[in-house]
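In: Structure here, sequence nowhere to be found:
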């Protein structure tokens, strides 16, 4: 019996899958904030500067940014459960290294390895789409999306308690123990998805993207301490820009790209990712400012002088609110759609931050304001995977969610840098010490409110069709069928770019796939049976077929036969003009192509993209020229040239 079959129940409980995945996401999120309360103490513990100690956060951030797109893409290709196990194993190894290393260098290495586990969250969301029934998926995805905020909020008090009672190494030992238990739980409870897109991994794209992200996020995270105008920061921003300018055209050409940019720039995906970046900015400001305000001395006029543990405990209501609100978020998504949920979450964020500007003079008001912001974050975060998965092919859900998670991380990193810059710039003096003035807090609250409003504006441009989960969830007892094939021309060469769409016989959408540079596509079908399959590419007549999949033959090729053309003839005085030069120009003057007429005076061009064009005809002997305007849409066009007859000395018209 294969190993996976021995470890995985045949029909695992939906509740068990959800619980294991949500706990995994929460523990991974704990890694993001587990050392933040100890940053003031680590310079003394490890004998390093405060700037060096900040690498304990920066290293995790960079590893997370690099790992998320790579692991998410690998999950689509090689198996989602397999990559979750890999993530947890690396996290456990990093935790052990950090606990036993005993030095700053080993601690940074351990924190770097812990950062790889962040990719588990988007992969877990994709597993939920594959394995859970439709009626449970919305709530489960909402809970999994909220784990980033839940774990971050819970990490602050937990770290304080462990540090005070058992020392700093206990933080990593607890992480290692929790990771080990969850690794076993994932292997035993979570089934391996049958929805995969095997192929060649895009190592070149992964390498360039990783370098670009590392440069960008290092510049953002270190800009405050190194100086935003310093040479290292400027060089990092320049390197990121150059690497991205190389990466984008490379990804558009490669057969199986690391990130499908053509899908990513579709309006539902693009606008959801823009909103995600802005919500990430707003969410992290709440977490950074709340604990600082609670710990600042009362002499500032707005602080409360709480200890690290007490300030962390004040964040517990925010984390619990995200847990309790997950079912409500799921219901909002199920009834009204992801777009409405995203906009509702943004509105709650705006209300929470505006309230924090005016109501701040008691611990209770600070906790209430923080909790309101967390509720808005939970609702908005819950909607994002739904919107993403409703707009991308089923076989790309992990990588698409990974990109969305990465964008959110960029938002949180930018928020951290912005908060640090504002709190450093707007200060007050109390006795002999300088502290951030409350005006600095107000400035950040307004910035977060504006970011939330901008996210709501981005959500307005998400099409309503993307607001509701597209396909019905699969029957988890049967599993989905992945159908592959190619889209080919009559001469068997691949046609690209092309799109294959699958519909139920009744017309309801099932899945779609963009073909790669070799003409390959992959689509996921919920069960065996009859489906309507449509293949379409620019310049060819689309092809539709009803095909019945029996669950055994899972391959179907399309061979498009009718190419859309611009055709016509050139003649004069009723005689064909052979060898005439026919040139196609854009209406703005740009050159497209040239051909010549055959012995019968006919010519043909492949149909260009829709638009307005100018066509010219030049007689090969008399050099008589003609031009006509032409409007091209998605249909073949016939355009004839009839030149005026010209008499030779014999009185015969000039023909070919």
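Out: Good, I have the coordinates. Just so you know, these numbers come straight off a predicted model, no measurement behind them.

In: Okay, and the nearest residue to residue 640 once chain neighbours are set aside sits in which element?
Out: Here the nearest residue to residue 640 in space, its sequence neighbours aside, is residue 568; by C-beta to C-beta, 6 or more residues apart in numbering that works out to 4.6 Å. Every C-beta, even on glycine, is put in place using the N, C-alpha and C of the backbone. Here residue 568 sits within strand 565-572, counting by DSSP states H and E.

In: now the helix or strand following that strand, how far from the chain's geometric center?
Out: Using DSSP H and E, the next helix or strand after strand 565-572 towards the C-terminus is strand 575-576. Between the centre of strand 575-576 and the centre of its host chain there is 59 Å, according to C-alpha atoms, centre = their mean, to the nearest Å.

In: Beyond strand 575-576, next helix or strand please.
Out: Scanning the chain past strand 575-576 towards its C-terminal end, the next helix or strand to appear is strand 581-586 (assignment: DSSP H and E).

In: Neighbouring strands - and their directions - for that following strand?
Out: The sheet places strand 581-586 alongside strand 591-596 (antiparallel), strand 611-618 (antiparallel), with pairing taken from DSSP bridges.

In: quick one: which of the ones you listed is nearest residue 40?
Out: Across these, residue 40 has its closest neighbour in strand 611-618 (61.8 Å, C-beta to C-beta).

In: For that closest one, buried residues please.
Out: The neighbour-count criterion (16 or more other C-beta atoms under 10 Å) identifies 613, 614, 615, 616, 617, 618 as the buried residues of strand 611-618.

In: For it, give me every contacting residue.
Out: Under the criterion C-beta atoms under 8 Å, 6 or more residues apart in numbering, residues 566, 570, 577, 580-587, 592, 624-632, 639, 641, 643 lie in contact with strand 611-618.

In: Residue 117 touches residue 91, doesn't it?
Out: Yes. Under the criterion of C-beta atoms under 8 Å, residue 117 is in contact with residue 91, at a separation of 3.7 Å.

In: Common neighbours of these two, please.
Out: Residues touching both residue 117 and residue 91 by C-beta under 8 Å, 6+ apart: 28, 31, 179.

In: Compute the number of surrounding residues for the residue lying closest to the second one once chain neighbours are set aside.
Out: The reference is to residue 31. What sits nearest to residue 31 in space, not counting adjacent residues and going by C-beta to C-beta, 6+ apart, is residue 114, at 4.6 Å. Summarising burial for residue 114: neighbours were counted as other C-beta atoms under 10 Å, giving 31.

In: tell me the contacts of residue 114?
Out: For residue 114, the contacting residues are 31, 60, 63, 90, 91, 94, 95, 98, 175, by C-beta under 8 Å, 6+ apart.

In: So which of these sit within helices?
Out: Counted as lying in helices by DSSP state H, out of the contacts of residue 114, are 31, 60, 63, 90, 91, 94, 95, 98, 175.

In: So which of these is the closest to residue 192?
Out: Distance to residue 192, by C-beta to C-beta, is smallest for residue 90 among the ones in helices among the contacts of residue 114, at 18.8 Å.

In: Next, count neighbours for that closest one.
Out: Other residues within reach of residue 90 by the criterion other C-beta under 10 Å amount to 22.

In: from memory it sits against residue 118, does it?
Out: No. Taking contacts as C-beta under 8 Å, residue 90 lies outside contact range of residue 118: 10.7 Å.

In: Which among the strands paired with strand 581-586 is found nearest to residue 306?
Out: If you check each of the strands paired with strand 581-586 against residue 306 by C-beta to C-beta, strand 611-618 wins as the nearest, at 64.6 Å.

In: Just after that closest one, pick out the following helix or strand.
Out: Elements were assigned by DSSP H and E; along the chain past strand 611-618, the next helix or strand is strand 625-632.

In: Tell me which other helices or strands that following strand touches.
Out: Applying 3 or more C-beta pairs under 8 Å, 6 or more residues apart in numbering; DSSP states H and E, one finds that strand 625-632 contacts strand 611-618, strand 641-643.

In: centre of the chain versus the first one, how much separation?
Out: Between the mean C-alpha point of strand 611-618 and the mean C-alpha point of its chain there is a distance of 42 Å (C-alpha atoms, centre = their mean).
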